[in-house]
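Chemist: I'd like to go over a predicted model; first the sequence, then the structure.
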Amino acid sequence: GFEVSVDLPGHDPKSIDVKLENQTLTVSSERKPEARSEKDLWVRSERPTGSFTRSFVLPSNVDSSKVEARYENGVLTVFLPKREEAKPRSIQVKVG
């Protein structure tokens, strides 16, 4: 099978969208700015905000009914197994 890993630190898992359509895997998310009060004094913030979208064209042998996605420690991992008929198999040779 195939595995796609995407670094999405600080993204809310509820905002992550994973779609597989016509052999194209699309991952999108939005990271919103942190809420802060007027008492907070910020000189600089190194945390980017905004929308994120990436698309990947996949081989035709991906089994779209068994795709799984997991988000852990800021990393989204999408598992894309191959269809059974796409996996190599042994064929017994008959003699006679």
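Modeler: Arrived safely, thanks for sending. Numbers count the residues shown, from 1 in each chain.
Chemist: surely K14 is in a helix?
Modeler: Yes - residue state for K14 (DSSP: H, G, I helix; E, B strand; the rest coil) corresponds to a helix.
Chemist: now do it, the pLDDT please.
Modeler: On pLDDT, K14 comes in at 92.
Chemist: and the one 4 residues further on, by the same measure?
Modeler: Reported pLDDT at V18 in the predicted model: 96.
Chemist: show me what contacts V4?
Modeler: L25, V27, F56, T77, V78, L80 (C-beta atoms under 8 Å, 6 or more residues apart in numbering). Placement of C-beta: from N, CA and C, glycine included.
Chemist: ok, of those, which come out buried?
Modeler: Using 16 or more other C-beta atoms under 10 Å as the burial test, the contacts of V4 include L25, V27, V78, L80 as buried.
Chemist: how much space separates the most far-flung residue of the chain relative to its centre from P48?
Modeler: Computed with C-alpha atoms, centre = their mean, the residue of the chain farthest from its C-alpha average is G96, at 51.1 Å. Counting by C-beta to C-beta, to the nearest Å, the gap from G96 to P48 is 69 Å.
Chemist: if we can go back for a sec, now the buried ones among the contacts of V4 in TSV, with pLDDT, distance to E34 and secondary structure?
Modeler: Below are the buried ones among the contacts of V4 laid out as TSV (pLDDT from 0 to 100; distance: C-beta to C-beta, whole Å; DSSP: H, G, I helix; E, B strand; the rest coil):
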residue	pLDDT	distance to E34	secondary structure
L25	95	29	strand
V27	96	23	strand
V78	95	27	strand
L80	94	33	strand
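Chemist: understood, closing this out.
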